[in-house]
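J.: sequence? don't have it. structure:
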């Protein structure tokens with residue numbers, strides 16, 4: 001049976017967050033291209049690779065207050081994003 005290792009999500013502003021953790025060529029880096037809300041009203045990032053990633057603000061486990069602010073979400077569009085799904089596909 002294949003064990004699915006869950007990857008944690010880190011805010012890029014934290015010191016333990018690496019800029020290029022999986023060694024991908026940054027010229028083909030995945031970026032955030034938009035956001036939408038799921039059926040439970042949680043925010044989901046739409047990524048340039050075609051994958052999506054929930055970005056919840058649920059302190060103390062997940063601290064992403066910016067996701068609740070429309071202007072701050074807009075600032076994240078075009079920013080690099082380490083897609084855990086793409087990293088898992090390469091393993």
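T.: Arrived safely. Only a predicted model underlies this, so the values are computations on that prediction, with no experimental measurement involved. Numbering: from 1, shown residues only.
J.: Using neighbour counts, pick out the buried residues of stretch 32-42.
T.: Within stretch 32-42, the residues that qualify as buried by neighbour count (16 or more other Cβ atoms under 10 Å) are 32, 35. To be clear about C-beta, it is placed using only N, CA and C from the backbone, and glycine gets the same treatment.
J.: Quick check: end-to-end length of it?
T.: 16 Å (Cα to Cα, to the nearest Å).
J.: same question, stretch 55-72
T.: In terms of Cα to Cα, the two terminal residues of stretch 55-72 are separated by 13 Å.
J.: who touches it?
T.: Contact with stretch 55-72 is made by 9, 11, 35, 42, 43, 44, 45, 73, 75, 76, as judged by Cβ atoms under 8 Å, 6 or more residues apart in numbering.
J.: Tell me where this structure has strands.
T.: 32-37, 43-47, 52-54 (DSSP state E).
J.: before we move on, the earlier item: please identify, among the contacts of stretch 55-72, the one with the most neighbours.
T.: Comparing those by number of neighbours (other Cβ atoms under 10 Å), residue 45 comes first, having 23 neighbours.
J.: wait, it sits on residue 37?
T.: No - the criterion here is Cβ atoms under 8 Å, and residue 45 misses it with residue 37 at 11.2 Å.
J.: List the contacts of residue 46.
T.: With contact taken as Cβ under 8 Å, 6+ apart, residue 46 is in contact with 32, 33, 34, 35, 36, 52.
J.: Can you tell me which of those lies closest to residue 82?
T.: Residue 82 has its nearest neighbour among these in residue 32, at 11.1 Å by Cβ to Cβ.
J.: For the chain, which segments count as helices?
T.: 70-76, 84-90 (DSSP state H).
J.: and the ones you listed, which one's lowest on average pLDDT?
T.: Least confident of the helices of the chain, judged by mean pLDDT, is helix 84-90 with a mean of 83.
J.: on that earlier part again, export the helices of the chain to CSV and tack on distance to residue 59?
T.: As requested, the helices of the chain are arranged in CSV below (distance: least, Cβ to Cβ, whole Å):
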stretch, distance to residue 59
helix 70-76, 16
helix 84-90, 21
